[in-house]
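S.K.: Sequence and predicted model, in that order:
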Number of protein chains: 2
Amino acid sequence: MNAPVSAIEQLQLELPDLDWINDPGRVARLSQDFAWFSPVLKRQLEDKRADTVVRPRTEDEIRRLVGACARRKLPITIRGSGTGNYGQTTPLAGGVVLDMTGYNAMCWVRGGTARAQAGIRLGDIEKATRPTGHEFRCIPSTFRSATLGGLFGGGFGGVGSINYGPLGAPGNVLGIRAMTIEPEPQIVELRGAEALRMHHLWGTNGLVLEVEVALAPARPWLETLVTFERFDTALAFADALARAPGIDKREVAFFGSPVPDHLGQLAEYLPKGCHAVLSLVDAPAEDALKDLVAAHGGTVTYRRDAAEVAKSNRTLMEFTWNHTTLHALRIDKSLTYLQSSFTPGQYIQQITEMEALLAGEVMMHAEFLRNMDGLLTCSALQLVRFTTEERLNEIIAIHRERGVRINNPHTFIVEDGKAGGALPPEILAVKHRFDPLGLLNPGKLRDWPVRPA
Amino acid sequence: MNAPVSAIEQLQLELPDLDWINDPGRVARLSQDFAWFSPVLKRQLEDKRADTVVRPRTEDEIRRLVGACARRKLPITIRGSGTGNYGQTTPLAGGVVLDMTGYNAMCWVRGGTARAQAGIRLGDIEKATRPTGHEFRCIPSTFRSATLGGLFGGGFGGVGSINYGPLGAPGNVLGIRAMTIEPEPQIVELRGAEALRMHHLWGTNGLVLEVEVALAPARPWLETLVTFERFDTALAFADALARAPGIDKREVAFFGSPVPDHLGQLAEYLPKGCHAVLSLVDAPAEDALKDLVAAHGGTVTYRRDAAEVAKSNRTLMEFTWNHTTLHALRIDKSLTYLQSSFTPGQYIQQITEMEALLAGEVMMHAEFLRNMDGLLTCSALQLVRFTTEERLNEIIAIHRERGVRINNPHTFIVEDGKAGGALPPEILAVKHRFDPLGLLNPGKLRDWPVRPA
């Protein structure tokens, strides 16, 4: 007689044609994302892992897998490339990590819209859309490896949000194809506002198979770094550039000193101690950009036109948003970060105030974007010199007391990361409908505690 | 012995190869624009006319004409198609009307920019740019007949200003080629900020030969009319649509009742007494637009996609900005209008307040746009039931007292129309440099009084 067979072994025996990964090292790695940015999440999650990882290649494989897991009440944690920072690819209760990267075909590109399978890399979508004159509206700095499903599930926005706001602003995501987690999985098309009820919930309330998005016209983006001697003039320049309605742009980032000192790969363009503004503006705006630089006393230290960027395969986009954090943390392991939303109309004053209060311990990296209401504002991904979790929480409190919203990246509880709120009823209704057994990444939604596998 | 020859006759004898217009009816018509929108300007200007009109076809013809006028100290009033409303094509001191419409070639279209001679019609520029996937950034409702030089000289913005702000926002106009008014005319290229010193001065401080502009990506614009029963919900819808960062748009106009009743050609889509919002949004945004209409309880009464618009050769763009005024004044000769700038962040409250104060006498037509600082706001081109000039001035005062800026369209003094201010020194320096003899449209700049011809 054989030894008793575990639920996971039964699953693999039932579905032998699927691409299973059981090697402990690979399972451990595929159970992680970039949560190590946070010393808190690192401590909480570093020993958590799946029992197995599976990488389906077709909708039918996904359907058979989900059905079999649901019948056995096995937890499923969905992941793309794992470029997120919130530990949402790490199962708290073991079970199966469902790696979507094998499910990665383009469905179509037409009329300024595109649809693809969730596991496609964002960079591969742009390869398909650029010949039609289009590009992604809001793309994370991780676009080279990050997946479409990952962006939809765990992304907020990024490069391009200065025009289109967050990915969740109506009109950016047009529809999704989603699957219920049941013994007989159902497949449903959700459009518009309904689709967005599965957005930014990290695959905790539904399994997304395909995503359809509206695109932006592609432009010949000019990439520049402009350096300044003073924090306030650099910030004023960034703000003026971000506002200027006649200068089309895709990205404006402000790096207060000493953030630029942490971007080692750009060191030759960033004199020690400088403040810097990174931008992508449309090629015809170069003269207007130069006028603005001159008016603020800045120095253009780096300039690459679109042809040079394409040829070099290096883009400043990979030094923005959380890539700035990544470059810095690679250089200095004692750093961590925050995520903040400033207030439209007050962001300059708020950034200036926080710099005055916390310079040396908190280093300002602000990204300009439109909010859901179309108002220009800043998000910051400040670098923080980490000492203790208590001090980190004090720093968060200092921000919140002064009206700066913190989207805490040091928690894996979805509700706490999303500004400390509860989830609205329509989101919970989607959870009930698409995951009635509570098998999706259990423990990440506060109201759905971990069930034993 | 012949009768003494007038300066105009001498001019024509000197330049017999130019295209002169001396027929009194045509001269009278070519001395006018749409200043009849204003009963004040109509009274002041209706008997003013040039001594002759000339329509040069080459830069050499323009140069010879200008040199000969300068030697004789003959006033020159420059015009395009005469679609302006401020009487700036009407000479106060006779002389020559220089009609630029014969100087109308495209120079080139490349990389999202275009350059053309001043007399080209805006519609003809778009015919040249559309095959490259580009369109005008800010185009007036008069684009079919209005010229590029006229837009630069007398235009403010228009359809597209909701994205790009006024035409004068840095980055929209890249450069101009201009001529001095001297016996030996000089030709100068002005770039960027320097070029803008000749913008919106109606040809009173220089003669513009060519204009180079940055373009916008062309889109398949969906044209709709949405009607509402209530003023406030229509206005809230227009504002939400204008703000929505995920909905690409080219135009959002709000027509408070009874403005829609004055758009006779659209009567079948505008139920008597309705409030209406006219918009052009990018085709992929249609579902998001419909969601927004539903959320505000509106009714889509008109919908034409880009193919239908192209086929019909009718566009709602020709019912916006001062075309709304034109349609209304054609139906009701007792109407005139205002031009107002509201305050970013306060425009809904200001429009609501003005409606409460003046409904019945002043009818609200607001256009959404970004200001020079990139902030979303409204301009209004209110219809006004005209009684007396005194009452018109009272209405203007009521607006100004409540913080609504009036760009008075009932004066031909450039400084008074531009918010009642004096011209800055750099503008006056251009006047000194390019028109040292004060021959350009004398009497329109307060500080350069009419000289006898």
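M.R.: Okay, I see it. The structure presented is a predicted model; accordingly, all values stated were derived computationally and were not measured.
S.K.: make it CA atoms for all contacts and neighbour counts henceforth
M.R.: Will do.
S.K.: Around residue A:297, count how many other residues there are.
M.R.: Number of residues near residue A:297 (other C-alpha atoms under 10 Å in any protein chain shown) recorded here: 16.
S.K.: Would you mind measuring from it to residue A:233?
M.R.: For residue A:297, the distance to residue A:233 equals 8 Å [C-alpha to C-alpha, to the nearest Å].
S.K.: cool, residue A:107 as well?
M.R.: 47 Å.
S.K.: Domain ranges for chain A, per the record?
M.R.: A:102-217, A:221-406 (automatic domain parsing).
S.K.: Spit out the contact partners of residue A:190.
M.R.: A:175-178 (C-alpha atoms under 8 Å, 6 or more residues apart in numbering or on different chains).
S.K.: Check which helix or strand it maps to.
M.R.: Element membership for residue A:190, per DSSP states H and E: strand A:187-191.
S.K.: Give me the mean pLDDT for the next helix or strand after that strand.
M.R.: Sequence-wise, the next helix or strand downstream of strand A:187-191 (DSSP H and E) is helix A:192-195. Taken as a whole, helix A:192-195 has a mean pLDDT of 94.
S.K.: Same question for stretch A:75-95.
M.R.: Mean predicted confidence for stretch A:75-95 is 95.
S.K.: Pull up the residues of the stretch 301-450 of chain A that are close to chain B.
M.R.: A:370-375 (C-alpha under 8 Å from any C-alpha of the partner chain).
S.K.: Could you rerun that using 10 Å?
M.R.: Residues of the stretch 301-450 of chain A lying close to chain B (C-alpha under 10 Å from any C-alpha of the partner chain) are A:345, A:370-376.
S.K.: With pLDDT as added columns, please give those in a markdown table.
M.R.: Below are these laid out as a markdown table (pLDDT from 0 to 100):
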| residue | pLDDT |
| --- | --- |
| A:345 | 95 |
| A:370 | 98 |
| A:371 | 97 |
| A:372 | 96 |
| A:373 | 96 |
| A:374 | 97 |
| A:375 | 97 |
| A:376 | 98 |
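S.K.: Please identify which two of those residues are farthest apart in space.
M.R.: A:345 and A:372 (14.7 Å; C-alpha to C-alpha).
S.K.: Which of the three states applies to the closest residue to residue A:32 other than its chain neighbours?
M.R.: Spatial nearest neighbour of residue A:32, chain neighbours left out: residue A:90 (5.3 Å); criterion: C-alpha to C-alpha, 6 or more residues apart in numbering or on different chains. Classification of residue A:90 using DSSP: H, G, I helix; E, B strand; the rest coil returns coil.
S.K.: Distance of residue A:90 relative to residue A:276?
M.R.: From residue A:90 to residue A:276 the distance is 36 Å (C-alpha to C-alpha).
S.K.: So between those two, which is more surrounded?
M.R.: Shown here are residue A:90 and residue A:276; by other C-alpha under 10 Å, residue A:276 has more neighbours (33 against 29).
S.K.: For that one, identify the helix or strand it belongs to.
M.R.: strand A:275-282.
S.K.: elements contacting that strand?
M.R.: strand A:221-228, helix A:231-243, strand A:249-255, helix A:286-295, strand A:299-304, strand A:365-370 (3 or more C-alpha pairs under 10 Å, 6 or more residues apart in numbering or on different chains; DSSP states H and E).
S.K.: show me where the stretch 351-453 of chain A has helices.
M.R.: For the stretch 351-453 of chain A, the helices defined by DSSP state H, counting those that start in this stretch occupy A:389-401, A:414-417, A:425-434.
S.K.: for the ones you listed, which one ends up most surrounded?
M.R.: helix A:414-417 (a mean of 19; mean count of other C-alpha atoms under 10 Å in any protein chain shown).
S.K.: what is the mean pLDDT for it?
M.R.: 86.
S.K.: contacts for that helix?
M.R.: Here helix A:414-417 makes contact (C-alpha atoms under 10 Å, 6 or more residues apart in numbering or on different chains) with A:86, A:88, A:200-202, A:204, A:339, A:406-411, A:420-423, A:443-447.
S.K.: Would you list the buried entries among those residues?
M.R.: Among these, those buried by neighbour count (16 or more other C-alpha atoms under 10 Å in any protein chain shown) are A:86, A:88, A:200-202, A:204, A:339, A:406-411, A:423, A:443-445.
S.K.: Tell me where the model's unsure across chain A.
M.R.: A:1-4, A:419-420, A:449-453 (pLDDT under 70).
S.K.: Cool, thanks, talk later.
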